[in-house]
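# Please work out how this folds:
(one chain, ligands or ions: 2)
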Amino acid sequence: MSKYLIAPSILSADFARLGEEVKNVVAAGADIIHFDVMDNHYVPNLTIGPLVCEAIRPHVNVPIDVHLMVKPVDRIIPDFAKAGANIISFHPEASDHIDRTLSLIRDQGCKAGLVFNPATPLHYLEHVMDKVDLILIMSVNPGFGGQSFIGEALKKVSLVRELINASGREIMLEVDGGIKVENIAAVAKAGADTFVAGSAIFGKPDYKSIIDAMRSQLATA
Ligand code: DX5
Ligand code: ZN
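Ligands and ions are numbered 1, 2, ... in the order given. Coordinates of the predicted model:
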């Protein structure tokens with residue numbers, strides 16, 4: 001299996017046919033399903049919750065990667081774990097007790113992730129590297145699909161790659177926002193191993209040709 005993972009974001013899927021959409025994207029080669037949860041409070045948009053996670057769970061045999069853009073965070077975590085989430089990530093600004101939230105996610109049997117907005121400093125990682133299983137670098141401001149990639153994110157990805165290597169731990173390094181066939185290799189070269197793509201995949205008629213093209217680009221990285 002390739003060391004790179006492609007994680008289509010269902011934010012850009014057809015919600016009226018979501019079961020079929022997730023099945024199709026996994027058949028097309030998706031490694032993970034990225035599940036964007038927005039609350040119209042932490043971010044100015046409102047999407048889907050644990051009921052939808054539970055509804056798609058039987059349709060896919062790949063991990064479901066829940067990206068929480070909600071505040072507060074803790075109350076909803078057990079609901080997503082019960083709904084079949086495998087990875088749960090949150091934004092440090094949205095939790096008053098980051099260490100506790102990370103432990104709560106792991107106690108529920110999921111991998112725990114911390115998410116960094118374009119202007120969020122990495123210092124939140126300093127005392128919790130042993131408690132994170134995934135670090136997610138946002139390359140857009142959260143809230144909407146289809147935005148343009150913010151180039152500054154590449155520097156941040158390289159810095160996080162160094163931190164992960166220094167930790168000696170296996171921590172996934174995911175990037176989310178504006179990823180396309182044209183820029184995925186540059187994101188991989190900066191040190192990412194997991195790539196979220198919403199509009200680049202679900203916006204197109206043939207998911208497999210896009211995912212294959214992404215993998216060909218990754219092979220050059
Ligand atoms: C944005 C979400 C992303 C979004 C990515 O807040 O976290 O996962 O769906 O969409 P694209 O790939 O279209 O930028
Ligand atoms: Zn996301």
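
# Next to ligand 1, which bits of the protein? Give me the list.
Selection of the chain residues close to ligand 1 by CB under 6 Å from any ligand atom yields 9, 11-12, 34, 36, 67, 140, 142-143, 145-147, 176-179, 196-200. Using the backbone N, CA and C atoms, a C-beta is placed for each residue, glycine as well.

# Run the chain-centre distance for the lengthiest helix in the chain.
Ordering each helix of the chain by length in residues (DSSP state H) puts helix 153-167 first. Chain-centre distance of helix 153-167: 17 Å, with CA atoms, centre = their mean, to the nearest Å.

# For that helix, which outside residues touch it?
116, 118, 122, 125, 129-130, 135, 137-139, 171, 173, 175, 177, 186-187, 190-192 (CB atoms under 8 Å, 6 or more residues apart in numbering).

# What's the first helix or strand after that helix?
Later in the chain than helix 153-167, the nearest helix or strand by DSSP states H and E is strand 172-176.

# For whichever helix or strand comes after that following strand, buried residues please.
Tracing the chain past strand 172-176, the next element assigned as helix or strand by DSSP H and E is helix 184-190. Buried residues in helix 184-190, counted by 16 or more other CB atoms under 10 Å: 184-188, 190.

# Give the other helices and strands that helix 184-190 contacts.
Judged by 3 or more CB pairs under 8 Å, 6 or more residues apart in numbering; DSSP states H and E, helix 184-190 is in contact with helix 153-167, strand 194-197, helix 207-219.

# what's the angle from the longest one to strand 172-176?
Interaxial angle, helix 153-167 versus strand 172-176 (axes from the mean of the first three to the mean of the last three CA atoms, to 10 degrees): 170 degrees.

# May I see the buried residues of helix 153-167?
Buried residues in helix 153-167 (16+ other CB under 10 Å): 153-154, 156-157, 160-161, 163-164.

# and the residue of the chain found nearest ligand 2, what is it in contact with?
Proximity to ligand 2, evaluated over the chain using CB to the ion, is greatest for H67 at 3.7 Å. Residues in contact with H67 (CB under 8 Å, 6+ apart) are 34-37, 89, 113, 115, 136, 176, 196.

# Would you mind listing what in this structure touches ligand 2?
Applying CB under 5 Å from the ion, we find that the chain lies next to ligand 2 at 36, 67, 176.
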